[in-house]
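**Q** coords below, sequence missing:
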DNA sequence: CCCCTCTCTAGACTAGTTCTAAAGCGAGTC
DNA sequence: GACTCGCTTTAGAACTAGTCTAGAGAGGGG
């Protein structure tokens, strides 16, 4: 049992570093770890899941750093924040233009390619405002779970 | 200073009661108070704002009751819950089909008539699922506030 | 008047997130 | 190599929105 096992899929460090730099983020050890886990594949993770996953192997990144890092990644456009309900914020490793289907009953979030959906008739914005994004969340429920 | 002043716009009690009953909610004193304030006009209030407003005059409704009552109103379709960001859940006195513009900088929420906006290409749902709703939030930012 | 059910309440509790103050790190300079 | 400066990370405390609990109240039959 002495060999090192990685339980969590990760990008390799160089690849993660390059992604950070490409977004103007200086690649510290901790940021690279967080990015390596979150960006390993298309997925939606909460801050806490990510904290657990990052520290699941030998790494050590503090809670505060995970939160700071996620905030930074979002501001820099590397990942996307998806707010689905009161108690659930997900970080989406796919920052591209797409929307989500949220299953209210089991809490899962699924991507919706933005090619599949189309929005027309967005109103003109106030002159001093600019568009930050359009979030569409399609909420579904298992049949018969209405109160 | 001895006269009773109502600082907060409210529906009259009978009207509020009737609205509750029409949605299958038994009109207790507390529920009527909450409804009278929230439904007085089209608006978006957080649970805490509502708690303060309801108790601003002579009324007394506890925090737990305000939360329970809002949850009930949402389940019964009397009001709508709008989740815009991590720390902000609004209750919308307009439960009809419409969407929202959220100003990221000042935290205000504005209605978008659903006639103005149109969504096409919603994917087919899984067989055992039904649509709970489609939320569209257009996020705007004052120019030059990008980090 | 009693009982049963539903509702309300204060206040304790929880979870998720942010804050704080101190320590660590790394890139340039001498 | 040692010094400095600014940025980053850290542990843990603090904060906040919301939920839970256990007991009190209210109202409608019978």
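**A** It's in. Being a predicted model, the structure only gives us computed values, none of them experimental.
**Q** In the longest helix seen in chain A, which residues are buried?
**A** For chain A, the helix that runs over the most residues, judged by DSSP state H, is helix A:63-75. Residues of helix A:63-75 classed as buried under the neighbour-count rule (16 or more other CB atoms under 10 Å in any protein chain shown) are A:65-66, A:69-70, A:72-74. Every C-beta, even on glycine, is put in place using the N, C-alpha and C of the backbone.
**Q** Need the residues that contact that helix.
**A** Contacting residues not belonging to helix A:63-75 are listed as A:23, A:25, A:30-31, A:34-35, A:38, A:47, A:50-51, A:54, A:61, A:79-81, A:91, B:147 [CB atoms under 8 Å, 6 or more residues apart in numbering or on different chains].
**Q** do stretch A:17-30 as well
**A** The set of residues that contact stretch A:17-30 without belonging to it, under CB under 8 Å, 6+ apart, is A:11, A:16, A:31-32, A:35, A:39, A:61, A:65, A:69, A:72-73, A:76-78.
**Q** For the buried ones among the residues you listed, write the corresponding PyMOL selection.
**A** Applying 16+ other CB under 10 Å to the contacts of stretch A:17-30 leaves a buried subset, and the PyMOL line that selects it is:
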select buried, chain A and resi 11+16+31+32+35+39+61+65+69+72+73+78
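**Q** Is residue A:9 in contact with residue A:39, as I believe?
**A** No. The pair residue A:9 and residue A:39 does not pass the contact test of CB atoms under 8 Å, sitting 10.3 Å apart.
**Q** can you tell me if the helix or strand of chain A with the lowest mean pLDDT touches chain B.
**A** Scoring the helices and strands of chain A by mean pLDDT, DSSP states H and E places strand A:118-120 at the bottom, with a mean of 77. Yes. With CB under 8 Å from any CB of the partner chain as the criterion, chain B is reached by strand A:118-120 at A:118-120.
**Q** what's the closest of these to DNA strand D?
**A** residue A:119 (27.4 Å; CB to the nearest atom of the strand).
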